[in-house]
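1. I would like to see how this sequence folds:
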Amino acid sequence: MTELLDIPQCSALLGLSERWVYEMLRRKRLPGAAKVGGKWRIDKAKLIAWIAKGGELADGDKSANKK
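-> Presented below is the predicted three-dimensional model:
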């Protein structure tokens, strides 16, 4: 079964603020993201695969991981 993450879980996994995760969602930069019942959910397996490939922060800003 697919494990779905909420915003706080995704934020913790990425080491980014929740605000930045929402910004990435707005820019459609996170894989496996979809709204379920009006709330954002992110497919954990797709997110981990994206991270393993080097992931790309929005606009390529590597300094964005500051909280």
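2. and I42, what are its phi and psi?
-> phi -120, psi 130 (degrees, to the nearest 10).
3. now it, which residues is it bridged with?
-> L5, A33 (DSSP bridges).
4. quick one: contacts for it?
-> L4, L5, D6, C10, L30, G32, A33 (Cβ atoms under 8 Å, 6 or more residues apart in numbering). All C-beta spots, glycine's among them, are computed from the backbone N, C-alpha and C.
5. quick check, nearest of those to G54?
-> Distance ranking of the contacts of I42 against G54, using Cβ to Cβ, places L30 first at 14.2 Å.
6. in which helix or strand would I find the residue nearest the centre of the chain?
-> In the chain, the residue lying closest to the centroid (Cα atoms, centre = their mean) is L30, at 4.8 Å. For L30, there is no enclosing helix or strand under DSSP states H and E.
7. I'd assumed M24 was in contact with it.
-> Yes - using Cβ atoms under 8 Å, L30 is in contact with M24, at 5.1 Å.
8. picking up where we left off before, now the contacts of I42: which count as buried?
-> L4, L5, C10, L30, G32, A33 (16 or more other Cβ atoms under 10 Å).
9. In JSON lines, list those along with pLDDT and distance to G54.
-> What follows is the buried ones among the contacts of I42, written out as JSON lines (pLDDT from 0 to 100; distance: Cβ to Cβ, whole Å):
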{"residue": "L4", "pLDDT": "97", "distance to G54": "23"}
{"residue": "L5", "pLDDT": "98", "distance to G54": "20"}
{"residue": "C10", "pLDDT": "97", "distance to G54": "18"}
{"residue": "L30", "pLDDT": "94", "distance to G54": "14"}
{"residue": "G32", "pLDDT": "94", "distance to G54": "16"}
{"residue": "A33", "pLDDT": "97", "distance to G54": "18"}
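10. Using TSV, lay out these together with distance to D43.
-> TSV is the format used below for those (distance: Cβ to Cβ, whole Å):
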residue	distance to D43
L4	6
L5	8
C10	10
L30	9
G32	3
A33	8
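11. Strands along the chain, start to end?
-> When secondary structure is read from DSSP state E, the chain shows strands at 4-5, 33-36, 39-43.
12. Can you tell me which of those is nearest to E56?
-> strand 33-36 (14.2 Å).
13. Perfect, I'm done here.
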